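[1] need a 3D model of the sequence below.
(2 chains)
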Protein chains: 2
Amino acid sequence: MTLLQSWVESANNASTDFPLNNLPYGVFSHGDATRRCGVAIGDMIVDVAACERAGMISLSGGPLLQGGTWNAVMAAGPEVWDALRAQLTALLQAGSDAEGPLAPQLVAQAEAQLHMPFDVTEYTDFYAAKAHAFNVGSMFRGPENALPPNWLSIPIGYNGRASSVVVSGTDVPRPWGQLKAPDEELPEFAPSRRFDLELEFGAIVGTPSSGMVSVNQADDMIFGYVLLNDWSARDIQAWEYQPLGPFQSKATATTISPWIVTRAALEPFRVDTPERERPLLPYLRAARPLLYDIELEYGLAPEGKAETILARSNVANLYYSAAQQLAHHTSSGCVMRTGDLLGSGTISGTEKDSRGSLLEVSWGGKEPVTLETGETRSFLEDGDTLTLRGHAAGDGFRVGFGECAGKVLPAVDLPDWAKD
Amino acid sequence: MTLLQSWVESANNASTDFPLNNLPYGVFSHGDATRRCGVAIGDMIVDVAACERAGMISLSGGPLLQGGTWNAVMAAGPEVWDALRAQLTALLQAGSDAEGPLAPQLVAQAEAQLHMPFDVTEYTDFYAAKAHAFNVGSMFRGPENALPPNWLSIPIGYNGRASSVVVSGTDVPRPWGQLKAPDEELPEFAPSRRFDLELEFGAIVGTPSSGMVSVNQADDMIFGYVLLNDWSARDIQAWEYQPLGPFQSKATATTISPWIVTRAALEPFRVDTPERERPLLPYLRAARPLLYDIELEYGLAPEGKAETILARSNVANLYYSAAQQLAHHTSSGCVMRTGDLLGSGTISGTEKDSRGSLLEVSWGGKEPVTLETGETRSFLEDGDTLTLRGHAAGDGFRVGFGECAGKVLPAVDLPDWAKD
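    Reported below is the predicted structural model:
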């Protein structure tokens, strides 16, 4: 597939995340506090809320772009998704006679503030990269018992906290929590000393469901994807997670990239899920390529200093796709709704330089990583900015996600009532 | 405290759940599909949406009763909660001159359909009764290791699925899921054979928060309480729950009683949390009585047959109160929102006849219970109706919750794509 030419010049640059082939959906404000639905094109944003009001965009069941979130479009279903993409492509392609009326609706990304692109209904986090499960399991149980017995049969997941999801650029204060040192009898209440990131890929449910759905149906329900950093306090998690799973260790923040890259934009980059090491039950079997060849990386920049790329990975490293996770999610009859967000789990590859968390990079803190600044890191320090990036590479163009960034702030002061 | 007299005669009966002392909030329809906010009084419902339209109820920031849910009132805060309760008490008390205009707004409960009283934002389930944690732990790890090491320090909880929450009276199909027998190498996909109930108490967050809150602040944030049955597929759970906790085993349904009993109505029934066996960290310490003396029971009625009461318990059996759970929930900075629902965890007492789940009653299926019909049960069978009841007992009156009931339907047919 080749680059589609747009009259927005910056969209024809081979290094932009946002060529005409992409057309991702975000929410921005500019000049005032009003949240507006927008579409990224090159280094600009099309104010599609204004376009809809002006009649340049017209959607069945509309208006759908006036709410300051994309949920109304997401709920409207695949025909509306296709129609919107077709209208946007026609408006923005090179030679379109819409250039004249549309040009005034363009806002420079550099001058806009980006907001949450959709209201998260519920958030589920999975554990779907085998290398990550193996690495974490090896640290806790040794390599021979690393993978839990169910791992090759079930897309393991747990319900996360929707209220934790924030858009890229939101600062993340270091969490307080119960920590217990192995040699202490009782826990203390203290700021996390093992605060970490997780490199993930997030799938957004558009079409709701109220019964069991197949993997293909699940795939069709997905509206689009974002990058996702599932900030994790390893020390809080270690003490709290038995027997019911992670809770406050994952509730401080979950950062997503600001642009929803649609499933349609990623179609050319589909790849197969990996060979199965154990036969999957029929309800989980893939009948089409369900993963994407999306290159990922993340970097750490200490306060005021240059960034070091800590690892590179790929969405294709996942053992279970979002469609399989979503099908499993419905297997008990669980109702899924527009705006549900599914995190893939940490996407580590098998190589050391493809590990998707500091827990793995520093092997539980035993092998601190040296940054380009000369500093070392076992876990995150105050002032560190973590940035995730990802894109699918076409022929002379890329379909990218923009940055998924967040800066770690010092823990807030402890309120008096929480002091001894 | 004694019974407050109402001009609604049935509210003065010592056996009603809904005297003037209670005034719980629900949503009903009657005659058409319109969902209306209502207040239970005796065997009637006051259509408070109509009262607000007629000017008989007036709330700051209103109208707040026209949305077919109680979320707007919940979000409005304690002053509005107090004002509404005061207005309702004045309207409904014996001798009120509101009887004439208000009487036409009363609907018989027997003729109304009850709906979800509020939109659940997020749902969290805890594990806060020591006897339940001990019983379950004993079955899986033996009595000497029954309580997890963290249990006496942390109100253990996990995020549940808000979309699973349904109102009393909703049928519950037996879930499908991955089951693995101990002597099999691979799981099968089959209807759960160990489908169970959990007797719980649910707290509803009214006032939102965005940082750490104290136990007292948390207590003040709670709008009211419901009974809650956290339906649980024990066999699905056993195979799926390591290492990230329960997921599809808890996602089929969570039934709540239809009336929100306000915190104000329960004030006279406060009791202290139990003595601590290990000192709590300061942020979890109770400075006021945080539990309630609320008698609980649940019964099982096979299809078309009489009910057997399986156990009786009390909310006071909890080791951690909802306020402590909520304070812990915010400890990482987790944002809480209006409509968040917190399940207490299964409320078992120490006696055999106070066990809050069939898993415990039948001791993992090893000691099936005999019903009054002569049948036995280890776990739930198709056609079984489970009913939870609860009330606080005053002097000649009770503040009750109404019934929290659900009937188990056979598993749905397996779709062709899920067959081998």
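
[2] drop to CA atoms for contacts and neighbour counts, all remaining ones
    Fine.

[3] A:Gly157 against A:Ala129, yeah?
    No. Counting by Cα atoms under 8 Å, A:Gly157 does not reach A:Ala129; the two are 11.8 Å apart.

[4] quick check: what element follows the lengthiest helix in chain A along the chain?
    Secondary structure of chain A per DSSP state H: the longest helix is helix A:78-92. Scanning forward in sequence from helix A:78-92 by DSSP states H and E, the next helix or strand is helix A:99-102.

[5] can you give me how far that next one is from the chain middle?
    33 Å (Cα atoms, centre = their mean, to the nearest Å).

[6] quick one on the thing from earlier: more neighbours: which of A:Gly157 and A:Ala129?
    Neighbour count, other Cα atoms under 10 Å in any protein chain shown: between A:Gly157 and A:Ala129, A:Gly157 has more, with 28 against 25.

[7] who's that one bridged to?
    Beta-bridge pairing for A:Gly157 (DSSP bridges): A:Phe126.

[8] and it, what is it in contact with?
    A:124-127, B:244, B:247 (Cα atoms under 8 Å, 6 or more residues apart in numbering or on different chains).

[9] those residues, buried ones only, as a PyMOL selection?
    To isolate the buried members of these in PyMOL, using 16 or more other Cα atoms under 10 Å in any protein chain shown:
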select buried, (chain A and resi 124+125+126+127) or (chain B and resi 244+247)
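
[10] dump the contacts of A:Gly157 to JSON lines, plus distance to A:Asn317 and pLDDT.
    As requested, these are exported to JSON lines (distance: Cα to Cα, whole Å; pLDDT from 0 to 100):
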{"residue": "A:Thr124", "distance to A:Asn317": "19", "pLDDT": "98"}
{"residue": "A:Asp125", "distance to A:Asn317": "17", "pLDDT": "98"}
{"residue": "A:Phe126", "distance to A:Asn317": "14", "pLDDT": "98"}
{"residue": "A:Tyr127", "distance to A:Asn317": "12", "pLDDT": "97"}
{"residue": "B:Leu244", "distance to A:Asn317": "21", "pLDDT": "95"}
{"residue": "B:Phe247", "distance to A:Asn317": "24", "pLDDT": "98"}
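
[11] how about the contacts of A:Gly157 in CSV, adding distance to B:Asp219?
    Shown next, in CSV, are those (distance: Cα to Cα, whole Å):
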residue, distance to B:Asp219
A:Thr124, 28
A:Asp125, 30
A:Phe126, 33
A:Tyr127, 35
B:Leu244, 29
B:Phe247, 28
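
[12] quick one on the thing from earlier: quick one: the longest helix of chain A to chain centroid distance?
    Helix A:78-92 sits 23 Å away from the centroid of its parent chain (Cα atoms, centre = their mean).

[13] list the buried residues for it?
    A:78, A:80-81, A:84-85, A:88-92.

[14] looking at those residues, which is nearest chain B?
    A:Pro78 (22.0 Å; Cα to the nearest Cα).

[15] name all residues that make contact with the closest one.
    Contacts of A:Pro78 by Cα under 8 Å, 6+ apart are A:Asp220.

[16] any idea how far apart the tips of stretch A:361-373 sit?
    17 Å (Cα to Cα, to the nearest Å).

[17] coming back round to it: in the contacts of A:Gly157, find the pair that's most separated.
    Taking Cα to Cα, the two most distant members of the contacts of A:Gly157 are A:Tyr127 and B:Phe247; they sit 12.6 Å apart.

[18] show residues contacting the helix or strand of chain A with the lowest mean pLDDT.
    In chain A, no helix or strand scores lower on mean pLDDT, DSSP states H and E than helix A:130-141, which sits at a mean of 93. The contact list for helix A:130-141, computed with Cα under 8 Å, 6+ apart, reads A:127, A:143-148, A:317-319, A:346-350, A:355-356, A:360, A:363-364.

[19] same question for stretch A:182-195.
    By Cα under 8 Å, 6+ apart, the residues outside stretch A:182-195 that reach it are A:174-181, A:231-236, A:378-381, A:411, B:153, B:281.

[20] the helices in chain A, which residues?
    Going by DSSP H, chain A shows helices at A:48-53, A:71-76, A:78-92, A:99-102, A:130-141, A:215-221, A:234-240, A:263-266, A:322-329, A:358-361.

[21] for the first one, name the packing helices and strands.
    Applying 3 or more Cα pairs under 8 Å, 6 or more residues apart in numbering or on different chains; DSSP states H and E, we find helix A:48-53 packed against strand A:36-41.

[22] the strand it packs on vs helix A:78-92, what angle?
    60 degrees (axes from the mean of the first three to the mean of the last three Cα atoms, to 10 degrees).

[23] tell me how far the residue lying closest to A:Thr2 once chain neighbours are set aside lies from B:Gln87.
    Nearest residue to A:Thr2, sequence neighbours excluded (Cα to Cα, 6 or more residues apart in numbering or on different chains): A:Asp395, at 5.2 Å. Taking Cα to Cα as the measure, A:Asp395 falls 70 Å from B:Gln87.

[24] straight-line length of stretch A:156-176, end to end?
    This stretch, stretch A:156-176, spans 27 Å end to end (Cα to Cα).

[25] brain fart, stretch A:366-385
    For stretch A:366-385, the first-to-last residue distance is 22 Å (Cα to Cα).

[26] buried ones in that stretch?
    Here stretch A:366-385 shows A:368-369, A:371, A:377-385 as buried, counting by 16+ other Cα under 10 Å.

[27] restricted to strands, list the residues you listed.
    In this view, those that belong to strands under DSSP state E are A:369, A:377, A:385.

[28] per-residue pLDDT, the first one?
    What the model reports for A:Val369 is a pLDDT of 98.

[29] wait, it sits on A:Leu380?
    No. When contacts are counted by Cα under 8 Å, A:Val369 is not listed as touching A:Leu380 (11.2 Å).

[30] from the stretch 251-400 of chain A, which residue is nearest to chain B?
    A:Tyr283 (4.4 Å).

[31] nearest residue to that residue other than its sequence neighbours?
    Leaving out its chain neighbours, A:Tyr283 is closest to B:Ala418 (Cα to Cα, 6+ apart), at 4.4 Å.

[32] A:Gly211 versus the one you found, what's the distance?
    Separation of B:Ala418 from A:Gly211 (Cα to Cα): 13 Å.

[33] over to A:Asp17?
    From A:Asp17 over to A:Gly211 (counting by Cα to Cα), the distance is 37 Å.

[34] those two - which one has more neighbours?
    The neighbour comparison of A:Asp17 against A:Gly211 (other Cα under 10 Å) goes to A:Asp17, with 28 against 16.

[35] the closest residue to that one other than its chain neighbours bridge partners, please.
    If the residues on either side of it in the chain are set aside, A:Asp17 comes closest to A:Gly400, at 4.0 Å by Cα to Cα, 6+ apart. Note on A:Gly400: beta-bridge partners by DSSP bridges are A:His391.

[36] and the gap between A:Gly400 and A:Leu23?
    10 Å.

[37] between those two, which contacts overlap?
    A:Val261.

[38] my read is that A:Pro155 contacts A:Gln325, right?
    Yes. If you go by Cα under 8 Å, A:Pro155 and A:Gln325 touch, sitting 5.7 Å apart.

[39] tell me, what's touching these two both at once?
    In contact with both A:Pro155 and A:Gln325: A:Phe126, using Cα under 8 Å, 6+ apart.

[40] residues of the stretch 151-300 of chain A that sit close to chain B?
    Contacts of the stretch 151-300 of chain A with chain B, taken as Cα under 8 Å from any Cα of the partner chain, map to A:153-154, A:156-164, A:175-177, A:186-189, A:214, A:239-249, A:251-253, A:281-283.

[41] buried subset of those?
    Buried, going by 16+ other Cα under 10 Å: A:153-154, A:156-164, A:175-177, A:186-187, A:189, A:214, A:239-249, A:251-253, A:281-283, out of those.
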